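A.B. asks: Structure for this input, please:
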Amino acid sequence: FHRYINSSLLKKCGFYKKGGFPCVTILKSLFDLVFTHNNLWRVLESSSKLTFRKNTAYRFLNEGKFNWERLVFSVAEKIISYFSSLTSDDRATALVIDDSLLSRDRSKKVELLSRVYDHTTHKYRKGFRMLTLGWTDGSSFIPLNFRLLSSQNEKNVLCAPLVVKDKRTMEHRRRVKATSNTTDMVLDLLKQARHIPAKYVLFDSWFTMPKTVAAIKDMGRDVIGMVRITEKVHYLYNGKWQNIKSIYSSIGHSKDNSDPVLGTANVKLRAEKESSEDKWIEAKLIFVKNKNSKTDSWLALLSTDLEIDAEETIRIYGKRWDIEVFFKMCKSHLALGKEYQGRSYDAQVSTTAIVFSRYMMIAESVRKDCDQRTWGE
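C.D. replies: Got it, this is the predicted structure:
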């Protein structure tokens with residue numbers, strides 16, 4: 001913890017105390033809870049374990065001026081710099097974007113709490129969409145930043161946000177972003193990570209839309225993403241606009257049953273289909289067998305890197321699964337959304353940031369202790 005987080009870093013992120021205990025002392029105590037199999041309420045009941053009281057802890061978590069997102073990003077930058085020194089520059093590193101449900105089913109008066117559609121249970125549940133940007137080199141995954149998104153539809157927002165009079169504050173900007181468009185927040189996260197060394201951006205079919213792909217390509221990164229099988233999205237193929245199903249039916253399919261790649265197609269796309277001002281983006285569609293289906297169904301990947309072959313594209317896209325492991329780890333073992341009882345939106349952000357920092361420390365420890373290429377025990 002002290003190797004990556006100290007008082008000077010907290011000050012850069014806006015952590016200032018009005019009096020009493022140093023911020024780094026309180027953060028360290030809250031960080032330790034899950035590793036000692038305790039929650040905040042149980043530790044506060046035992047006065048011997050903490051030197052500060054309940055109100056101190058909750059004032060710290062509810063403080064809206066603390067830039068928790070910057071703290072997570074700063075720690076991640078340090079760890080990624082260390083990981084990059086361990087591997088070759090030729091290794092394919094990537095940024096991964098995905099969202100997951102932060103469930104608060106028992107809550108009633110949590111600020112900006114909304115009804116969120118859960119794709120796992122196919123039901124609406126109470127909580128937030130945790131949009132996460134992470135970095136991976138195939139061996140380790142590091143969360144870079146996040147946004148806790150509420151619903152843009154006011155009917156689905158169960159508890160109104162706090163009215164912040166000063167529009168220049170972190171509290172106001174954080175609440176505006178919470179109800180912003182998801183695509184805008186994806187691009188906002190990527191802009192903040194522009195100095196992170198990663199050639200590719202990986203995501204699933206929810207984010208692989210021409211407008212998003214074109215915007216990311218303008219940032220100087222290549223995109224590899226699953227394509228949504230729909231008739232509403234079109235690509236320029238053989239001189240005319242066609243949907244993904246039409247393109248698949250017109251390509252030559254591989255007859256080798258052992259080959260997972262069914263075929264490829266070079267296409268063009270742009271941000272707006274009808275706009276002649278948008279520049280063309282060249283991409284490759286890779287059709288693969290759907291191993292999870294008993295029927296002869298297929299999946300499609302889109303890659304803007306035309307220099308690598310289909311097998312390499314599939315291998316790189318496989319690194320996207322690291323973020324799913326990250327979500328599972330945070331929810332099952334690091335007490336995401338289960339440790340505290342704060343009702344403010346700032347408290348939801350602060351507790352999520354603490355969980356992210358825990359995962360980063362574990363990832364760093366595993367890389368140092370369990371890497372087979374290291375010396376010693």
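A.B. asks: The helix or strand containing residue 143: what's the following helix or strand?
C.D. replies: Taking DSSP states H and E as the definition, residue 143 sits inside strand 141-149. Sequence-wise, the next helix or strand downstream of strand 141-149 (DSSP H and E) is helix 170-178.
A.B. asks: Could I have the CA atoms of that following helix written out in PDB?
C.D. replies: The C-alpha trace of helix 170-178 is given here as PDB (Å, rounded to 0.1, in the frame of the first residue of the first chain):
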ATOM      1  CA  MET A 170     -16.000  17.900  -8.400                       C
ATOM      2  CA  GLU A 171     -19.400  17.000  -6.800                       C
ATOM      3  CA  HIS A 172     -21.300  18.700  -9.700                       C
ATOM      4  CA  ARG A 173     -19.200  17.300 -12.500                       C
ATOM      5  CA  ARG A 174     -19.400  13.800 -11.000                       C
ATOM      6  CA  ARG A 175     -23.200  13.900 -10.900                       C
ATOM      7  CA  VAL A 176     -23.400  15.300 -14.500                       C
ATOM      8  CA  LYS A 177     -21.300  12.400 -15.800                       C
ATOM      9  CA  ALA A 178     -23.500   9.900 -13.900                       C
END
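A.B. asks: so what secondary structure elements neighbour the next helix or strand along the chain from that helix?
C.D. replies: Following helix 170-178 in sequence order, the next helix or strand is helix 182-192 (DSSP H and E). Other elements packing on helix 182-192 under the criterion 3 or more Cβ pairs under 8 Å, 6 or more residues apart in numbering; DSSP states H and E are strand 94-103, strand 123-136, strand 141-149, helix 210-218. C-beta here means a position set from N, CA and C on the backbone, and glycine is covered the same way.
A.B. asks: separation between residue 235 and residue 62?
C.D. replies: Applying Cβ to Cβ, to the nearest Å, one obtains 48 Å for the distance of residue 235 from residue 62.
A.B. asks: Of all the helices and strands packed on helix 182-192, which one is nearest residue 362?
C.D. replies: Nearest to residue 362 among these is strand 141-149; the distance by Cβ to Cβ comes to 10.5 Å.
A.B. asks: the inter-axis angle of the closest one versus helix 170-178?
C.D. replies: Strand 141-149 runs at 90 degrees relative to helix 170-178, counting by axes from the mean of the first three to the mean of the last three Cα atoms, to 10 degrees.
A.B. asks: average model confidence for strand 141-149?
C.D. replies: The pLDDT scores in strand 141-149 average 96.
A.B. asks: all helices of the chain, in order?
C.D. replies: In the chain, the helices defined using DSSP state H lie at 7-12, 23-32, 40-45, 54-62, 68-84, 170-178, 182-192, 210-218, 244-250, 310-317, 321-332, 345-369.
A.B. asks: any weak-confidence spans in the stretch 201-350 of the chain?
C.D. replies: The stretch 201-350 of the chain contains residues with pLDDT under 70 at 255, 294.
A.B. asks: can we see that at 90?
C.D. replies: Within the stretch 201-350 of the chain, the stretches with pLDDT under 90 are 251-262, 271-279, 289-297, 335, 337-342.
A.B. asks: And the stretch 51-200 of the chain, by the same measure?
C.D. replies: Judged by pLDDT under 90, the stretches of the stretch 51-200 of the chain that qualify are 51-57, 85-91, 105-108, 117-123, 139, 152-155, 162-167.
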